[in-house]
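Peer 1: How does the following fold in three dimensions:
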Amino acid sequence: TLGLDEELAKKYGFESLEAMKTAVRGNLEADFDKASREKMKRALLDALDRRYSFELPESLVAQEFANIWGQHEQESQRAGQPVAEDGKTEEETKAEFRKIAERRVRLGLVLAEIGKSADVKVDEKDLTDALVERARMFPGQEKAVWDYYRNNEQALAQLRAPIYEERVVDHLSKLIKIADKTVSRAELFKEDEE
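Peer 2: Numbering: from 1, shown residues only. Below you'll find the predicted structure:
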């Protein structure tokens, strides 16, 4: 068995056992903070989804459906699985994905309107940080990835959208009452249904 000692810490590049423990503790805290924020964000988006009901532009719904269905088809093909899930027909699965597309479009429009009225902006530093993070995902191809995004406004918009969404969620979280709730680790990291 591996004992937690100075030798093990040095083997993994830490100056001391205490430095390794501090790093692990920091990583765990960051993971818990991220999971907590995701739960809060999910609850907020669920509340917005329940609160707003309006006619959605069919072109946006169709485009979002095509995106998520196409991604689902690719993932199913890679995994050697049928596109229909859990014993459902393909049409039933498509109907579920259409509801997801409608929710995403509705929430996107609601968040865009809230962000517009609150003058939420994505600054250049946020975009550059996201671009650097994306480029790091492709070691050895960083410059090509950087150039692709810098020369492709649509691709850059795909990077900007989740940052904008996070800024709007930050704005809303300052306006709403958020109650802390103690949960188990398993409950915190449990996957929510979309």
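Peer 1: buried sites along the helix ranked longest in the chain?
Peer 2: Ranked by residue count and defined by DSSP state H, the top helix of the chain is helix 17-51. When burial is assessed from 16 or more other Cβ atoms under 10 Å, helix 17-51 yields the following buried residues: 20, 35, 39-41, 44-45, 48. To be clear about C-beta, it is placed using only N, CA and C from the backbone, and glycine gets the same treatment.
Peer 1: same thing with stretch 143-154?
Peer 2: Going through stretch 143-154 with 16+ other Cβ under 10 Å, the ones that come out buried are 145-146, 148-149.
Peer 1: At the geometric centre of the protein, which residue sits there?
Peer 2: Centrality entry for the chain: nearest residue to the mean C-alpha point is residue 162, 7.3 Å, by Cα atoms, centre = their mean.
Peer 1: ok now do it, which residues does it touch?
Peer 2: residue 130 (Cβ atoms under 8 Å, 6 or more residues apart in numbering).
Peer 1: Tell me the helix or strand right after the host helix or strand of it.
Peer 2: Element membership for residue 162, per DSSP states H and E: helix 153-175. Beyond helix 153-175 on the C-terminal side, the first helix or strand identified by DSSP H and E is helix 185-189.
Peer 1: Only C-alpha atoms, please: export that next one in CSV.
Peer 2: Only the C-alpha atoms of helix 185-189 are listed here, as CSV (Å, rounded to 0.1, in the frame of the first residue of the first chain):
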residue,chain,number,x,y,z
ARG,A,185,-21.1,14.4,-1.5
ALA,A,186,-23.1,11.9,-3.5
GLU,A,187,-26.1,14.2,-3.7
LEU,A,188,-23.9,17.2,-4.7
PHE,A,189,-22.3,15.3,-7.5
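Peer 1: helices or strands up against it?
Peer 2: The helices and strands touching helix 185-189, judged by 3 or more Cβ pairs under 8 Å, 6 or more residues apart in numbering; DSSP states H and E, are helix 17-51.
Peer 1: Quick check: the gap between residue 68 and residue 74.
Peer 2: If you measure residue 68 against residue 74 using Cβ to Cβ, to the nearest Å, the figure is 11 Å.
Peer 1: More neighbours: those two, which one.
Peer 2: Ranked by neighbour count (other Cβ atoms under 10 Å), residue 68 and residue 74 place residue 68 first, with 15 against 10.
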